[in-house]
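Undergrad: sequence? don't have it. structure:
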């Protein structure tokens, strides 16, 4: 039996998943990219296709850098 492929969690997207990020981490980046997620409330991971991940990748990098500055 073949494994079922996950689909992108962005609304109206039917591409297969390329990357998975935490919902908390992706929350602000997705809002800034004007994307709408189509996921349930209790899901901890967001599945994104390559196109949508590319759109939020720079914002995720900036968020990680800011978080690292808080540590030190």
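TA: Arrived safely, thanks for sending. For clarity, every value in this text was computed on a predicted model and none was experimentally measured.
Undergrad: When you work out contacts or count neighbours from here on, use the C-alpha atoms and nothing else.
TA: OK.
Undergrad: pLDDT value on residue 3, please?
TA: pLDDT for residue 3: 68.
Undergrad: what's the answer for residue 56, then?
TA: 90.
Undergrad: Doesn't it belong to a helix?
TA: Yes. Counting by DSSP: H, G, I helix; E, B strand; the rest coil, one finds residue 56 located in a helix.
Undergrad: any idea how far residue 7 is from it?
TA: With distances taken as Cα to Cα, to the nearest Å, residue 56 is found 17 Å from residue 7.
Undergrad: Of those two, give the one with the bigger neighbour count.
TA: residue 56 (19 against 15; other Cα atoms under 10 Å).
Undergrad: Now for residue 37: which residues touch it?
TA: 9, 10, 11 (Cα atoms under 8 Å, 6 or more residues apart in numbering).
Undergrad: Make JSON lines out of these and add pLDDT.
TA: JSON lines is the format used below for these (pLDDT from 0 to 100):
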{"residue": "9", "pLDDT": "88"}
{"residue": "10", "pLDDT": "87"}
{"residue": "11", "pLDDT": "87"}
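Undergrad: Selecting buried members of these in ChimeraX, what would you type?
TA: Remark: buried members of the contacts of residue 37, expressed as a ChimeraX selection using 16 or more other Cα atoms under 10 Å:
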select :9,10
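Undergrad: residue ranges of the helices in the chain, please?
TA: 23-32, 50-71 (DSSP state H).
Undergrad: so which of the ones you listed gets nearest residue 16?
TA: For residue 16, the closest of the helices of the chain is helix 50-71, at 8.5 Å, according to Cα to Cα.
Undergrad: Mind giving me the packing neighbours of the closest one?
TA: helix 23-32 (3 or more Cα pairs under 8 Å, 6 or more residues apart in numbering; DSSP states H and E).
Undergrad: among the helices of the chain, which is nearest residue 44?
TA: helix 23-32 (5.4 Å).
Undergrad: how far out from the middle of the chain is that closest one?
TA: From the chain centre to the centre of helix 23-32 is a distance of 7 Å (Cα atoms, centre = their mean, to the nearest Å).
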